[in-house]
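# What follows is a predicted structure for the sequence shown.
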Amino acid sequence: MPANLPAKARAKWIKVIEARDKREKIKALEEFLSAIPKHKGTQKLVSHIRRQIALLKREIELERKKAKGGKKSSFMVKKEGDVQAVIIGLTNVGKSSFLRLLTAAKPEISPEPYTTKKPIPGIFLYKDVYFQLVEAPALLAEAKSLVWTPQVMALCRNADALIIMVDLSGDPLYQLNVIVKLLNEYKITLKEPKVKVKIMYRRSGGIQVIGDISDASSKQVEELLNSYGIRNALVKVEGKAKLEDIEESILFADSIYKPAIIVLNKADLSGALKKAKILAEKLQKHGFPVVAISCIKKTLSSRDLAAFIGGTLLEKLGLIRIYTKAPYSKTPSKRPLVVKKGCTVIEVAEKIHSRLAKNFKYAKVWSNRNKGGPVKVGPNYELADGDVVEILAY
């Protein structure tokens with residue numbers, strides 16, 4: 001485990017944190033790697049550091065080629081709506097047809113491989129929530145063979161969630177393995193962590209810990225961070241963490257979790273439903289939501305598909321809808337605020353305007369939980385999906 005790292009290796013990590021550019025970071029990572037003892041307990045860390053170095057070198061090379069060509073990237077997609085999900089998959093799995101089925105976008109559909117060469121966005125509406133889908137250019141097993149792979153991975157890292165499409169006319173498990181391997185290479189995981197640790201570096205204030213750490217005191221956490229050269233940071237823990245979770249969050253801070261929906265396309269073909277059932281059972285055991293469809297035959301209507309995709313994304317992302325109402329207005333807003341579960345009234349006030357939160361007096365909440373009219377509540381009242389809130393200020 002990372003906890004076995006010698007003091008010499010830990011001391012070198014601060015150079016990684018302080019690196020000002022990619023070349024400097026590569027040098028710092030290489031020095032850190034040389035100080036890591038090579039044994040079974042450090043295999044995961046060594047592989048991770050080597051991937052980091054390889055990715056940074058690849059990014060430098062890509063930037064060099066861009067600068068030489070003088071062209072700006074066409075992969076930047078401005079986020080619109082409330083939730084953004086990127087559609088990824090190998091070529092000719094039906095990503096363009098899927099985007100057409102759910103949105104008003106009109107991507108070109110062709111049997112020719114790699115027809116889509118830049119991201120194509122589209123939007124659909126479900127329960128007053130706007131979902132932006134972005135079709136990414138196709139992936140390939142050999143990532144280096146496609147110049148846009150790093151840019152597609154950047155899209156995935158910036159999105160709220162992923163929609164992974166596979167073709168039931170081929171080997172769906174192989175396709176999934178290719179995509180998961182690529183995502184892992186770019187430090188994107190589809191496995192939701194049981195414990196979430198976030199370390200926020202700051203200029204002063206020492207080490208502050210918020211949350212539950214079962215096998216260590218705040219002093220021991222401070223000593224651990226200090227051994228990596230971290231003197232000032234806020235450590236936030238969701239769940240019940242151990243000291244090794246804190247250390248992993250230092251060393252694997254650039255790894256990111258993305259919830260994903262698996263779409264099995266071409267379910268109308270002979271033998272496809274049998275394949276889909278076997279694969280769905282395996283995936284659902286690991287917590288992956290799965291849907292089998294045929295984009296061409298429309299085995300699932302656009303409305304039903306939007307309900308599944310939209311509802312699943314809201315659930316996996318832990319989002320709820322809060323409607324606001326101005327004082328003395330008869331009707332609430334048509335478009336809700338889309339916020340995390342557990343959101344309080346004062347957090348909604350802050351989202352509307354900082355002045356409203358600062359001068360907060362009280363709020364009225366209409367909810368399915370409260371029959372017979374609104375309830376007068378304070379700033380820390382926790383809201384639920386579909387609540388209507390009216391905030392009054394001094």
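Great, that's in hand. Residues are numbered from 1 along each chain as shown.
# and stretch 232-243, how far from the chain's centre?
Here stretch 232-243 is found 20 Å from its chain centre; the criterion is C-alpha atoms, centre = their mean, to the nearest Å.
# and if you look at stretch 237-255?
Chain-centre distance of stretch 237-255: 17 Å, with C-alpha atoms, centre = their mean.
# Check stretch 362-370 too.
Taking C-alpha atoms, centre = their mean, one finds stretch 362-370 lying 31 Å from the centre of the chain it belongs to.
# Name the residues of that stretch that are buried.
For stretch 362-370, a neighbour-count test (16 or more other C-beta atoms under 10 Å) marks 363-367 as buried. For glycine as for every other residue, the C-beta is placed from the backbone atoms N, C-alpha and C.
# least confident pick among those residues?
Among those, S367 carries the lowest pLDDT, at 92.
# sorry, back to before: mind putting the buried residues of stretch 362-370 into TSV with distance to V237?
Below are the buried residues of stretch 362-370 laid out as TSV (distance: C-beta to C-beta, whole Å):
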residue	distance to V237
A363	30
K364	34
V365	30
W366	35
S367	30
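# What about the nearest residue to S302 once chain neighbours are set aside, how many residues nearby?
Of all residues not flanking S302 in the chain, L101 sits nearest, at 5.6 Å (C-beta to C-beta, 6 or more residues apart in numbering). As a burial measure, L101 scores 20 neighbours (other C-beta atoms under 10 Å).
# For L101, give me its contacts.
By C-beta atoms under 8 Å, 6 or more residues apart in numbering, L101 lies in contact with 295, 298, 302, 305.
# quick one: the second one is in a strand?
Spelled out, it's K298. No: checked against DSSP: H, G, I helix; E, B strand; the rest coil, K298 lies outside a strand; its state is coil.
# what's it in contact with, if anything?
L101.
# repeat that with 7 Å
Counting by C-beta atoms under 7 Å, 6 or more residues apart in numbering, K298 touches no other residue.
# Look at it and report its pLDDT.
On pLDDT, K298 comes in at 88.
# Check the first one too.
On the pLDDT scale, C295 is placed at 93.
# Excluding residues flanking it in the chain, which one is nearest it?
In space, and not counting its chain neighbours, C295 is closest to S97: 3.6 Å by C-beta to C-beta, 6+ apart.
# What mean pLDDT does the host helix or strand of the one you found get?
Taking DSSP states H and E as the definition, S97 sits inside helix 95-102. The average pLDDT for helix 95-102 rounds to 96.
# Counting by contacts, list what the longest helix along the chain packs against.
Counting residues, the longest helix found in the chain (DSSP state H) is helix 43-69. Where contact means 3 or more C-beta pairs under 7 Å, 6 or more residues apart in numbering; DSSP states H and E, helix 43-69 is packed against helix 22-35, helix 149-158.
# Include mean pLDDT, mean neighbour count and distance to L279 when you put these into CSV, please.
Putting the helices and strands packed on helix 43-69 into CSV (pLDDT from 0 to 100; neighbours: other C-beta atoms under 10 Å; distance: least, C-beta to C-beta, whole Å) gives the following:
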stretch, mean pLDDT, mean neighbour count, distance to L279
helix 22-35, 91, 16, 38
helix 149-158, 91, 19, 22
